[in-house]
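# No letters, just coordinates:
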């Protein structure tokens, strides 16, 4: 077949040479091979992120409210504690005063009676009642006497002011010059005592 006949039949020279004719096809897409993104997938992912962010914001707000409430409670507790401490300092002696008032009343009555009384025995009886009231008030307040006559000398509770030879075991308290006192087992004043020592 002549070249003119080939051209008239639409066959190119390459076809005539026995090679396959070139096919003009559209170029493939430049996207990631094998990955086809579903329509609306990006919108769904954005919405999920938006919901997660909203949830985190709500949790942060709740935590902040908890912190504010805790701070308010601590502040109220601090103020209440300060008031209680102030009241304790201001009115801490209220119980003591309440217990001492009857004693004061008894002394005043005794002084009034002594001004015109001629019966010494009656005065002594009045003083004994006043002392009894005083001791009862001390008992209620937790005050106890330290009166160690005949006991072993105890440097934690007693204060020796002298030593005397005696026919008793050395270190025994012979005389209490001044009683000591304890408040709820705490020593307030040691007993002033005279202690026995071995005869020479």
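Sure, I can see it. Quick caveat: nothing in here was measured; it's all calculated off a predicted structure.
# ok, for residue 177, nearest residue in space, not its chain neighbours?
Spatial nearest neighbour of residue 177, chain neighbours left out: residue 192 (4.5 Å); criterion: C-beta to C-beta, 6 or more residues apart in numbering. For the C-beta atoms, the positions are set from N, CA and C on the backbone; glycine is no exception.
# my guess is the one you found meets residue 159, correct?
Yes: between residue 192 and residue 159 a contact is recorded at 5.2 Å, counting by C-beta atoms under 8 Å.
# residues shared between the contacts of those two?
With contacts taken as C-beta atoms under 8 Å, 6 or more residues apart in numbering, the residues that reach both residue 192 and residue 159 are residue 180.
# Show me which helix runs longest in this protein.
Counting residues, the longest helix found in the chain (DSSP state H) is helix 41-91.
# Against which helices or strands is the helix or strand just after that one packed?
On the C-terminal side of helix 41-91, the closest following helix or strand by DSSP states H and E is helix 94-114. If you count contacts as 3 or more C-beta pairs under 8 Å, 6 or more residues apart in numbering; DSSP states H and E, helix 94-114 packs onto helix 120-141.
# Now the very next helix or strand once past the helix it packs on: buried residues?
Sequence-wise, the next helix or strand downstream of helix 120-141 (DSSP H and E) is strand 143-146. Neighbour-count burial for strand 143-146 flags 143, 146 (criterion: 16 or more other C-beta atoms under 10 Å).
# Can you tell me the strand partners of strand 143-146 and which way each runs?
strand 180-183 (antiparallel) (DSSP bridges).
# For the partner strand, what is the distance to the chain centroid?
How far strand 180-183 lies from its chain's middle: 32 Å, per C-alpha atoms, centre = their mean, to the nearest Å.
# in that strand, what counts as buried?
For strand 180-183, by 16+ other C-beta under 10 Å, it's 180-182.
# got the contact list for that strand?
Outside strand 180-183, the residues that touch it by C-beta under 8 Å, 6+ apart are 141-147, 157-159, 187-192.
# what do you get if the cut-off is 10 Å, keeping everything else the same?
138, 141-148, 157-159, 187-193 (C-beta atoms under 10 Å, 6 or more residues apart in numbering).
# And stretch 115-132, by the same measure?
Identification of contacts with stretch 115-132 by C-beta under 10 Å, 6+ apart yields 102-111, 113-114.
# please redo it, this time with the cut-off set to 6 Å
Stretch 115-132 is contacted from outside by 106-107, 110, 114, using C-beta atoms under 6 Å, 6 or more residues apart in numbering.
# Make a PyMOL selection of the buried ones in these.
Filtering those down to the buried ones (16+ other C-beta under 10 Å) takes a single PyMOL command:
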select buried, resi 106+110
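# Taking the contacts of stretch 115-132 together, which two end up most distant?
Spatially, the most separated pair among those is 106 and 114, at 12.3 Å (C-beta to C-beta).
# For those two, list the residues in contact with both.
Residues touching both residue 106 and residue 114 by C-beta under 6 Å, 6+ apart: none at all.
# Just give me the closest of the buried residues of strand 180-183 to residue 52.
Of the buried residues of strand 180-183, the one sitting nearest to residue 52 (C-beta to C-beta) turns out to be residue 182, at 69.3 Å.
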